[in-house]
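Q: Next one to model:
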Amino acid sequence: MHWQKVTLVGVGLLGGSLGLALRQRRLATKVDGYVRRSASIGECEKIGAVDHATRDLNRAVENADLVVLCTPLGQMREMTEKMLPALKKGAIVTDVGSVKETVVEELEPLVAGAGAFFVGSHPMAGGEKMGVAAAREDLFNNAICIVTPTQNSDKDAVRRVEELWKSVGSRPVTISPVAHDDLVSRSSHLPHVVAAELANYVLSPAHPKEQSLVCANGFRDTTRIASGSPEMWRDISMANRKNLSRVLGVFIEDLTEFQLALDNGDVKAIEEFFEKAKQRRDAWTDQKGASSE
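A: Sure thing, here's the model as predicted:
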């Protein structure tokens, strides 16, 4: 698949990595990027994430066959409304947002009204480092990318979005926006809340100064994702708050059961807790390893 012009609205880790992949694999004749800060223009072009970066949204979007929204969730509707006058008839618009139901509900009719097609997507790739400086061409290799069409979606547009993610190394999986938000509330959003609370609690200044000295590799690995963008995770938590609150409630119930086992000195229950976790995670890593191969 080859695109004449692709526009990245936001050129951070995900947008920058997509731009690098498109350009290095020669999947687009031209890749333009919209950025908020003047300082980002030179940085994006120097790294090679785009051919041209600009703070003029309409100029960036003009004549684009594909527009990829790579901004925080809270900015997507505003960016879409602003770019509609410049959106090419028949263009495809997608996104990389971690929440899909609200994004699709808001953006699909807006884009359709401009004579273009919106198809939601979410590449399951990223990292705790932010900005285009952290971008890399192979970020999407072997990563699952969820594509979330609706009953209103144009079938050819859906196929082309799936091909987009295949072409940069991802494995597209098609599910509904509602199902997506339910699944990622457990596998992505809940772990981030847990990691953030571990960092907040363990590294609290209320604890003795020696506390941080005994935080070793296990703590570092478990809390790595807590270094992610607070703005991004604020938006994700609010956009998927119903699902996140529900799964957080179940998680707290499970922790309460473990606490009760501790209080009762229930050795068998405590061992079963850790054994079950080991078995389930080992099975998951074996499966991931097999699928990667």
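Q: Buried residues, the lengthiest helix in the chain. List them.
A: Under DSSP state H, the helix in the chain containing the largest number of residues is helix 267-292. Within helix 267-292, the residues that qualify as buried are residue 273, counting by 16 or more other CB atoms under 10 Å. For the C-beta atoms, the positions are set from N, CA and C on the backbone; glycine is no exception.
Q: Output the contacting helices and strands for that helix.
A: helix 241-263 (3 or more CB pairs under 8 Å, 6 or more residues apart in numbering; DSSP states H and E).
Q: Output the helix it packs on as PDB - backbone C-alpha positions only.
A: The C-alpha trace of helix 241-263 is given here as PDB (Å, rounded to 0.1, in the frame of the first residue of the first chain):
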ATOM      1  CA  ARG A 241     -13.800   6.000  33.700                       C
ATOM      2  CA  LYS A 242     -16.900   3.700  33.900                       C
ATOM      3  CA  ASN A 243     -14.900   0.600  32.900                       C
ATOM      4  CA  LEU A 244     -11.800   1.600  34.900                       C
ATOM      5  CA  SER A 245     -13.900   2.200  38.000                       C
ATOM      6  CA  ARG A 246     -15.600  -1.200  37.700                       C
ATOM      7  CA  VAL A 247     -12.400  -3.200  37.200                       C
ATOM      8  CA  LEU A 248     -10.700  -1.200  39.900                       C
ATOM      9  CA  GLY A 249     -13.500  -2.300  42.300                       C
ATOM     10  CA  VAL A 250     -12.900  -6.000  41.400                       C
ATOM     11  CA  PHE A 251      -9.100  -5.500  41.900                       C
ATOM     12  CA  ILE A 252      -9.600  -3.900  45.300                       C
ATOM     13  CA  GLU A 253     -11.900  -6.800  46.300                       C
ATOM     14  CA  ASP A 254      -9.200  -9.300  45.300                       C
ATOM     15  CA  LEU A 255      -6.600  -7.400  47.300                       C
ATOM     16  CA  THR A 256      -9.000  -7.400  50.300                       C
ATOM     17  CA  GLU A 257      -9.300 -11.200  50.100                       C
ATOM     18  CA  PHE A 258      -5.500 -11.500  50.100                       C
ATOM     19  CA  GLN A 259      -5.300  -9.100  53.100                       C
ATOM     20  CA  LEU A 260      -7.900 -11.300  54.900                       C
ATOM     21  CA  ALA A 261      -5.700 -14.400  54.200                       C
ATOM     22  CA  LEU A 262      -2.800 -12.600  55.700                       C
ATOM     23  CA  ASP A 263      -4.700 -11.600  58.800                       C
END
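Q: Give the buried residues for that helix.
A: So, applying 16+ other CB under 10 Å, buried residues of helix 241-263: 243, 244, 247, 248, 261.
Q: Look at residue 88 and give its secondary structure.
A: When classified by DSSP: H, G, I helix; E, B strand; the rest coil, residue 88 comes out as coil.
Q: and it, what does it touch?
A: Going by CB atoms under 8 Å, 6 or more residues apart in numbering, residue 88 touches 61, 62, 63, 64, 65, 116.
Q: Neighbour-wise, which one of those residues leads?
A: residue 64 (27 neighbours; other CB atoms under 10 Å).
Q: Make sure it is actually in contact with residue 7.
A: Yes: here residue 64 reaches residue 7: they are 4.0 Å apart, a contact under CB atoms under 8 Å.
Q: list residues touching both of the two?
A: The contact lists of residue 64 and residue 7 share residue 32, where a contact means CB under 8 Å, 6+ apart.
Q: Contacts only, for the nearest residue to residue 17 once chain neighbours are set aside.
A: Spatial nearest neighbour of residue 17, excluding adjacent residues (CB to CB, 6 or more residues apart in numbering): residue 139 at 3.8 Å. For residue 139, the contact set (CB under 8 Å, 6+ apart) comprises 13, 14, 17, 21, 125, 126, 127.
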